[in-house]
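Trainee: have a look; sequence and predicted model below, questions after that.
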Amino acid sequence: MNVGVIVRDSVNPEETIRHATELGFFNGHLSGSQGELQTREHAEELCRICEKYHFEISAVIASWSGPHTWNFYDGPLTLGLLPEAYRFQRIQEIQRAIDYAEMLGVSDVNTHIGFIPEDPNCTAYREMVAAVKFICQYAAAKNIHFCLETGQETPIAMLRLILDTGAENIGVNFDPANLLMYGKANPVDALDILGKYIRGVHGKDGDYPTTPFELGEEKAIGQGRVDFERFIPALKKTGYDGPVTIEREISGPQQEKDILMARDVLQKLIAALV
């Protein structure tokens with residue numbers, strides 16, 4: 001295992017990639033790629049920059065448009081593929097992210113698909129399975145894995161959906177903090193359920209929610225409830241040997257300080273693995 005960081009795509013990506021390498025990161029997930037950035041010309045430029053700085057993009061994070069509210073009341077109405085009103089548009093946007101990943105030579109596309117219903121017999125669940133299966137078929141033709149990011153669902157609901165799609169190119173981007181922040185699972189225990197499907201991991205920390213309305217708070221690594229001293233060895237036992245990609249969802253100077261602290265903590269834990 002090694003440590004990476006999320007980097008943001010832009011019309012001038014060289015500064016972002018260069019700065020990431022100056023901080024000691026040589027791989028990461030690519031976020032923010034939309035519209036004018038998802039062209040072959042931009043992909044070729046980004047590939048040239050990554051080669052120059054010896055930086056590897058390990059996954060593309062697919063974003064989608066429309067309203068999105070990250071809480072427990074409006075979230076099910078606005079997030080991912082669950083809301084029928086936005087589903088077709090978002091499938092197309094995920095397809096464009098898959099096309100872009102193919103241009104970049106990246107094997108994985110990650111995204112949140114929304115609150116997966118717990119009831120496998122309800123119409124909304126069956127529709128989500130059909131949508132994810134369709135996306136996986138599109139991705140398979142391009143040798144891309146479509147990875148579901150944990151958080152808005154219980155691990156068993158995600159596993160059920162993975163199995164019901166029947167897709168061989170479906171995977172999990174495992175975010176331990178999200179499982180806590182949505183109140184869905186202890187991340188160490190969740191590895192037992194999703195471990196064999198994990199293709200990416202976010203290094204992020206957070207707390208359980210304290211109200212029925214809002215998510216738990218994201219925290220700097222070491223300040224939340226994710227037990228990384230147990231999580232990293234347990235992750236290794238699943239067979240995962242890829243990057244742990246740091247995500248810190250704040251901005252400004254404190255973000256970089258927290259990222260550097262997370263880098264040091266995670267590198268020390270990974271180095272201690274037997």
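Mentor: Great, that's in hand.
Trainee: name the element the residue lying closest to Glu14 once chain neighbours are set aside belongs to?
Mentor: What sits nearest to Glu14 in space, not counting adjacent residues and going by C-beta to C-beta, 6 or more residues apart in numbering, is Ile49, at 4.9 Å. Backbone N, C-alpha and C define where each C-beta goes, glycine included. Secondary-structure assignment from DSSP states H and E places Ile49 in helix 40-53.
Trainee: same for that helix, what does it pack against?
Mentor: With contacts defined as 3 or more C-beta pairs under 8 Å, 6 or more residues apart in numbering; DSSP states H and E, the packing partners of helix 40-53 are helix 14-22, strand 56-61, helix 84-104.
Trainee: pick the most buried one from those.
Mentor: Highest mean neighbour count of these: strand 56-61, a mean of 22 (counted as mean count of other C-beta atoms under 10 Å).
Trainee: which helices and strands sit right next to that strand?
Mentor: Applying 3+ C-beta pairs under 8 Å, 6+ apart, one finds that strand 56-61 contacts strand 27-31, helix 40-53, helix 84-104, strand 108-111, strand 198-203, strand 243-246.
Trainee: off-centre distance for the third one?
Mentor: What it means is helix 84-104. On the basis of C-alpha atoms, centre = their mean, to the nearest Å, helix 84-104 sits 15 Å off its chain's mean C-alpha point.
Trainee: that helix versus helix 40-53: what angle between them?
Mentor: If you take axes from the mean of the first three to the mean of the last three C-alpha atoms, to 10 degrees, helix 84-104 sits at 50 degrees to helix 40-53.
Trainee: what's helix 84-104 packed up against?
Mentor: Counting by 3+ C-beta pairs under 8 Å, 6+ apart, helix 84-104 packs on helix 40-53, strand 56-61, strand 108-111, helix 123-140.
Trainee: which regions of the protein sit below the pLDDT cut-off?
Mentor: Applying pLDDT under 70 to the chain flags no residue at all.
Trainee: pull the CA atoms of stretch 166-173 into PDB?
Mentor: Provided in PDB are the C-alpha atoms of stretch 166-173 (Å, rounded to 0.1, in the frame of the first residue of the first chain):
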ATOM      1  CA  GLY A 166     -24.100  -9.500 -11.900                       C
ATOM      2  CA  ALA A 167     -21.300  -7.200 -13.300                       C
ATOM      3  CA  GLU A 168     -17.700  -8.400 -13.200                       C
ATOM      4  CA  ASN A 169     -16.300  -4.900 -13.500                       C
ATOM      5  CA  ILE A 170     -18.100  -3.400 -10.500                       C
ATOM      6  CA  GLY A 171     -16.100  -2.400  -7.400                       C
ATOM      7  CA  VAL A 172     -16.000  -0.300  -4.300                       C
ATOM      8  CA  ASN A 173     -14.200   2.900  -3.400                       C
END
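Trainee: can you list contacts of stretch 101-111?
Mentor: Outside of stretch 101-111, the residues within contact range by C-beta atoms under 8 Å, 6 or more residues apart in numbering are 29-30, 40, 43-44, 46-47, 57-64, 80, 94, 97-98, 139, 142-149, 171, 173, 199-200.
Trainee: show me which of the residues you listed are buried.
Mentor: With neighbours counted using 16 or more other C-beta atoms under 10 Å, the contacts of stretch 101-111 contain these buried positions: 29-30, 43, 46, 57-64, 80, 94, 97-98, 139, 144-149, 171, 173, 199-200.
Trainee: how close does Phe134 sit to Arg87?
Mentor: Using C-beta to C-beta, to the nearest Å, one obtains 10 Å as the distance from Phe134 to Arg87.
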